[in-house]
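>>> Here's a sequence, model it:
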Amino acid sequence: MLGHLGNTQSQLRTFGIQQRPCQRLHCGRLAYQAPPCCQQPGGSWQLKYKGIHTLAARPGSIAAASAGSVPLSTGGSNDSVEEVVQPQDVPLDNAPRNIDPQVASAWLRQYSPFKLVSDSSVNLLTQLMHVEAVKSGQVLGKEGSTPQQLVIIRQGTVRVTGRNLPVPVDAGPGASFFLIELLLNQAASATIITSTDALVWVVSAPALLELAGRRPDLVLELGLRLSQDMAGKLEQMEASMQDEERRQRALQPYLVSTPKRGIVGNSKYADRLRRQIVAAARDHKRSHCLIFGEPGLRKDNIAALLHFGSPDRHKPMVEADAAGMDPFMTELFGRGSKEGLLHWIRDGTLAIYNVHKAAPHMIPQLQQLLQAGTYQPAPAPAPLGSIDYPPAERQATCRIIMTAQQRVPALDGLATVIQVPPLRVRPADILDLARYFVRLLSKQRGVRLQLTPEAERTLASYTFPNNVNELESVVERAAVQAINTEEGDNKQPQQGNKGAGLVQVAAATNSQASGSSLMLDKDVFWFAAQSRDSIFKWNTLNSLPLLRQLLRSDMFPELINHKIVKPVFAIVVLLLFIGPQDRAHNFCLNLFWDYWWPLIFIIYPFLGRIWCSICPFMIYGEVMQRWRMATGAVLNKWPRQELEQWGGWFLFGLFAAILVWEEVWDLPDKAALSSWLLLLITGGAVVCSAIFERRLWCR
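Alright, predicted model coming up:
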């Protein structure tokens, strides 16, 4: 590899590169050969000097010199190279001990404080420098002691520690130490220890002080430049502090504290919710999230869990309720010159609650915010008759977590969706939550509280329409009632135990003094018992253990569907085609109209929608879905807006057509037509399953 140089003889001699006439290029140029210190074990050599354009070649090869276009130094010459090779570290034992002042000055001018002063001042300083190779772990200066020399790190790394530094700092090439201390005759402000083998440039204290005495104008220049630089930095720091103070004032009313609790419960729904929260919190892409579920599920606490469980936990999180904002959501986007939360939060986390209640005309603005990360503040009020120019778009770098009581179709695909299941579908979590609230109240009240088995059964049988909020309120109200009743009984023991129907005492009269537990009986949860007693209920699975065992077995529904229902349905359809066409002689026709449809209505009050799990129509739709997914097809999501707009009309039209078909062509008494009806319903299930995910036909 040949590098073309200009008039750099003095610079190359600094590194021990020998000059001799060119033997290959007969052009009258000079050539240079690498010294032994630069030769590499692999046979190549390289001029290794940080900040200098370097050359590399094989042993014995030459580098020819000529004028180029890339500056080699900032000393005013046109020295240059054409090819640049990544510099490597010089072996300390073979490092050159002399320094070219012009080259050193050009390199120092890249770093503070030398870049603040004139070239002539730096050149005078570099004339006093010499090179030292320092082993790892050596102390270059100790805090509180008098420094003996100015130290400039040329190669390697040092560790800087001191009382003014909260944590140790690693410094590399270009770092200088003890210049101000030497000029002002002060003690060292930090301890400097080499972390690796290092190459340093040093100026002894007597030489530096002699230069300062001989040229006081240099000290004045350095002091002036440093003071100007310090003043500029102080102004920047003051402006930054003022901006941060304004930011804190703007965010303070909206800051979110740490979450009050985790996800309490051991049901499969609670486990799935925990996994979804952890996955969203650890998302390095910081994808936006939408948490939706019924009222009272503490979705705000889940949003806090998501933020404080993420790597952004040290950044601020603020909250805003879309239900309480003005129609243009200026609290969020800002208006005119008044900035909104999106400006002040910067790269933190913004929680928008009840996003489903946002004004419809603001949905496109939210879509743009989630998709492109940009937003447009509301225009400032303009005088009547003036031109109202829309404000420019702004960039938002925050992560957005939204909550809603229902899914927002317009935001589908723009955020990670987390659905929070209500308590009525996970009754096992009701007891875990109730026990958690009881333990919490016990610590707050200083009384040991405990639920009786009857109280737990009462709570488990209640549906809690307002979910977790209602459960917490109910437990707290029951605990307060029980504690007040107990205190009243202790004050008036002669009046008898009037509160026996509301609270039971386990051991002693004064449960708090004796350390026994204050039992919360089912009577303090009278509302749940009243709701349960007012409705007739029969637990079919508890009454029929064999049915429970069947539903929990591996046979249901996979084996039943594909081994029994699927072939039986095909046989019934075939027999309706080829068998007798009247009810008197075709059993399948009677099975279809006289037993199948009525049996569905009879089963529903006892087993609910268990029929849907073995529906033959969707079994064939499931077969189609599995085949499509096995071929690599990606099924579409449900077109929810279109379903809400046209789904009812489609069902009405289909039902009317079947009703007319049944009455005009006597459908129940003709086996072939009944078979065509079954195939029509199955065909709809298969087509929808081939295009959309899950069971769209059933919806």
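>>> residue ranges for the helices of the stretch 351-500 of the chain, please.
For the stretch 351-500 of the chain, helices defined by DSSP state H, counting those that start in this stretch occupy the ranges 363-372, 428-445, 453-460, 467-491.
>>> Now that we have those, can you turn them into JSON lines and tack on mean neighbour count?
For glycine as for every other residue, the C-beta is placed from the backbone atoms N, C-alpha and C. Output for those, formatted as JSON lines (neighbours: other CB atoms under 10 Å):
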{"stretch": "helix 363-372", "mean neighbour count": "16"}
{"stretch": "helix 428-445", "mean neighbour count": "18"}
{"stretch": "helix 453-460", "mean neighbour count": "18"}
{"stretch": "helix 467-491", "mean neighbour count": "18"}
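>>> Which one of those lies nearest to V278?
Within the helices of the stretch 351-500 of the chain, the stretch nearest V278 is helix 428-445; the backing value is 17.9 Å (CB to CB).
>>> Spatially nearest residue to the residue nearest in space to the middle of the chain, not counting backbone neighbours?
For the chain, the residue nearest the mean C-alpha position is R286 (3.8 Å; CA atoms, centre = their mean). Excluding the flanking residues, the one nearest R286 by CB to CB, 6 or more residues apart in numbering is R399, at 4.5 Å.
>>> before we move on, the earlier item: minimum distance to L659: which of the helices of the stretch 351-500 of the chain has it?
For L659, the closest of the helices of the stretch 351-500 of the chain is helix 363-372, at 39.5 Å, according to CB to CB.
>>> pLDDT at V103, what is it?
Listed pLDDT for V103 reads 84.
>>> Secondary structure class of D243, three-state.
helix (DSSP: H, G, I helix; E, B strand; the rest coil).
>>> cool, R694 as well?
coil.
>>> Please give the number of neighbouring residues around it.
Other residues lying near R694 total 16 when counted by other CB atoms under 10 Å.
>>> if you skip the residues just before and after it, what's nearest to it?
Per CB to CB, 6+ apart, closest to R694 is W638, 7.6 Å.
>>> what's near enough to touch that neighbour?
For W638, the contact set (CB atoms under 8 Å, 6 or more residues apart in numbering) comprises 692-694, 696, 699.
>>> any chance of those residues in a markdown table, plus distance to N484 and pLDDT?
Output for those, formatted as a markdown table (distance: CB to CB, whole Å; pLDDT from 0 to 100):
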| residue | distance to N484 | pLDDT |
| --- | --- | --- |
| F692 | 57 | 89 |
| E693 | 54 | 87 |
| R694 | 51 | 82 |
| L696 | 55 | 85 |
| R699 | 51 | 71 |
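>>> Most neighbours of all those residues, which one?
L696 (21 neighbours).
>>> And the pLDDT at the closest residue in space to that residue that isn't next to it in sequence?
Spatial nearest neighbour of L696, excluding adjacent residues (CB to CB, 6+ apart): C688 at 4.4 Å. Each residue has a pLDDT score; the one for C688 is 90.
>>> C688 and T682, how far apart?
11 Å (CB to CB, to the nearest Å).
>>> any residues in contact with both of the two?
G621.
>>> still on that earlier bit, which helix or strand contains the residue nearest to L696?
helix 671-691 (DSSP states H and E).
>>> Can you pull out the residues in contact with that helix?
569, 572-573, 575-577, 579-582, 586, 588-589, 592-593, 616-618, 620-622, 624-625, 628, 635-636, 658, 661, 665, 667-668, 695-698.
>>> Quick check on those: which are buried?
569, 572-573, 575-576, 579, 581, 586, 588-589, 592-593, 616-618, 620-622, 624-625, 667-668, 695-697 (16 or more other CB atoms under 10 Å).
>>> Mind checking which of these land in helices?
Residues of the buried ones among the contacts of helix 671-691 located in helices (DSSP state H): 569, 572-573, 575-576, 588-589, 616-618, 620-622, 624-625.
>>> Return the member of those residues nearest to P113.
Q625 (70.9 Å).
>>> Where does the prediction get shaky in the stretch 151-300 of the chain?
Counting by pLDDT under 70, the stretch 151-300 of the chain contains no low-confidence range.
>>> hmm, back to that, can I assume the residue nearest to R694 sits in a strand?
No. Secondary structure of W638 (three-state DSSP): coil, not part of a strand.
>>> Doesn't I192 lie inside a strand?
Yes. Under three-state DSSP, I192 falls within a strand.
>>> what sits against it?
Applying CB under 8 Å, 6+ apart, the residues near I192 are 139-141, 151, 158-160, 177.
>>> Mind checking which of those are buried?
Neighbour counting by 16+ other CB under 10 Å classes 140-141, 151, 158-160, 177 among the contacts of I192 as buried.
>>> Now do the residue nearest to R286: how many residues are near it, please.
Neighbours around R399, by other CB under 10 Å: 23.
>>> That one touches L350, doesn't it?
Yes. In this structure R399 lies within contact range of L350 using CB atoms under 8 Å: 7.2 Å.
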